[in-house]
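Participant: Here's my sequence, what's the structure:
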Amino acid sequence: MSLRVVFMGTPEFSVPTLMEIVGQGHDVVACYSQPPRPAGRGMDLKKSPVHEAAESFGIPVFTPKSLKDAAEQTRFVDFEADVAVVVAYGLLLPGPVLDAPQFGCLNLHASMLPRWRGAAPINRAIMAGDKETAVQVMRMEEGLDTGPVCMSETVAIDKNMTAGELHDRLSGLGGDLMVRALAALSRGALGEQSQAEEGVTYAAKLSKLETRIDWSKSAEEVHNHIRGLSPFPGAWCEMPLGSKPERVKVLRSSVADTGGKPGTVLSTTDVPAVACGAGAVRLEQIQRAGKKPMSGEEFLRGVSLSDGTQLD
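Facilitator: Numbers count the residues shown, from 1 in each chain. Presented below is the predicted three-dimensional model:
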């Protein structure tokens, strides 16, 4: 049965779910997204990926800065939606919005709830060294990601998987999971299970202050830090590549069976290897400021970096 859907989402992660819902023949009567933001060198206003995708389908798009205004809530109610689907929208939904659709609001969340509630579950799972995660459909409540889980798909996290790779994997799975949830909802067969009270963790929004690599940590922790921030915002360190230290991002790494004083460059024969508090990491992919990502081997061909160099 086709449902009247209000879709609410903003980043690229949300687009596959919108496309799947439209592709399954549901009537998406409106789309909500974050307002256009300045971007690029000219700082021109740029629409969100969901905004652009919705317009390509002819879906009306609304970009309020808040849903707390009574007029905005009235407009939302007037859509008479069967269900609202929320995927990384970026605004909290007040009670009148949550209560407006006949069957409530379903949220697609990229973690194994109650672990990693909040803004950055994909990054935090990798940075913590988790071996698996999930994408889940949950029924929304006023609390932060506290609602009961309706459907779940578990995903293994490979030891070298980056946040970008996991993002793409969960994004694609999430679209399929949500349309299955809508199909069950239309049949009156969508179950739900309350989240466990134990094991609650919060995935705080990423801060620039935590992106610098700390070589005093173990190689495993440094490796997880690098891949958990790749490709954006990117973990970084400073290297003495010219008259003054240059900031470079490390986008891929691997754990090496060697060691030394933390921050010491141990090898420059193929890719740079740097000692950590325990063990070492090989810098497999590096990006200098203003340049494209390159392999560690390509990086060494263009710089003068010797064994024994100390990195801060």
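Participant: ok, and for stretch 37-53, which residues are buried?
Facilitator: Neighbour counts over stretch 37-53 (16 or more other Cβ atoms under 10 Å) mark K47, S48, P49, V50, H51, A53 as buried. From N, CA and C alone the C-beta is placed, and that goes for glycine too.
Participant: Distance to F103, secondary structure and pLDDT added to those, as CSV?
Facilitator: Shown next, in CSV, are the buried residues of stretch 37-53 (distance: Cβ to Cβ, whole Å; DSSP: H, G, I helix; E, B strand; the rest coil; pLDDT from 0 to 100):
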residue, distance to F103, secondary structure, pLDDT
K47, 29, coil, 97
S48, 26, coil, 98
P49, 26, helix, 98
V50, 21, helix, 98
H51, 25, helix, 98
A53, 24, helix, 98
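Participant: Which single one of those is nearest to M138?
Facilitator: Top of the list for closeness to M138, among the buried residues of stretch 37-53 and by Cβ to Cβ, is V50 at 19.3 Å.
Participant: so how far is G290 from that closest one?
Facilitator: Distance of V50 to G290, given as Cβ to Cβ, to the nearest Å: 30 Å.
Participant: circling back to that earlier point, tell me which of the buried residues of stretch 37-53 is nearest to E141?
Facilitator: For the buried residues of stretch 37-53, the nearest to E141 is V50 (23.0 Å; Cβ to Cβ).
Participant: So the closest one is in contact with P11, correct?
Facilitator: Yes. The pair V50 and P11 passes the contact test of Cβ atoms under 8 Å, sitting 7.2 Å apart.
Participant: Determine the set of other helices and strands touching the lengthiest helix in the chain.
Facilitator: In the chain, with assignment by DSSP state H, the single longest helix is helix 163-186. Helix 163-186 sits against helix 15-23, strand 83-87, strand 105-109, helix 121-127, strand 132-139, strand 149-156, with contacts defined as 3 or more Cβ pairs under 8 Å, 6 or more residues apart in numbering; DSSP states H and E.
Participant: need the ones you listed in a markdown table with mean neighbour count and mean pLDDT, can you?
Facilitator: Shown next, in a markdown table, are those (neighbours: other Cβ atoms under 10 Å; pLDDT from 0 to 100):
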| stretch | mean neighbour count | mean pLDDT |
| --- | --- | --- |
| helix 15-23 | 20 | 98 |
| strand 83-87 | 26 | 98 |
| strand 105-109 | 24 | 98 |
| helix 121-127 | 25 | 98 |
| strand 132-139 | 22 | 98 |
| strand 149-156 | 16 | 98 |
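Participant: for these, which one sits closest to K65?
Facilitator: strand 83-87 (17.0 Å).
Participant: Tell me the secondary structure at G259.
Facilitator: coil (DSSP: H, G, I helix; E, B strand; the rest coil).
Participant: From what I see, it and G277 are in contact.
Facilitator: No. G259 is beyond contact range of G277, at 9.1 Å (criterion: Cβ under 8 Å).
Participant: circling back to that earlier point, now render the helices and strands packed on helix 163-186 as JSON lines, adding distance to L241.
Facilitator: JSON lines is the format used below for the helices and strands packed on helix 163-186 (distance: least, Cβ to Cβ, whole Å):
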{"stretch": "helix 15-23", "distance to L241": "38"}
{"stretch": "strand 83-87", "distance to L241": "41"}
{"stretch": "strand 105-109", "distance to L241": "41"}
{"stretch": "helix 121-127", "distance to L241": "27"}
{"stretch": "strand 132-139", "distance to L241": "36"}
{"stretch": "strand 149-156", "distance to L241": "37"}
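Participant: So which of the ones you listed is nearest E210?
Facilitator: helix 121-127 (8.9 Å).
Participant: neighbours of V6, just the number please.
Facilitator: The number of residues packed near V6 is 24, by other Cβ atoms under 10 Å.
Participant: On the pLDDT front, check it for me.
Facilitator: Looking at V6, its pLDDT is 98.
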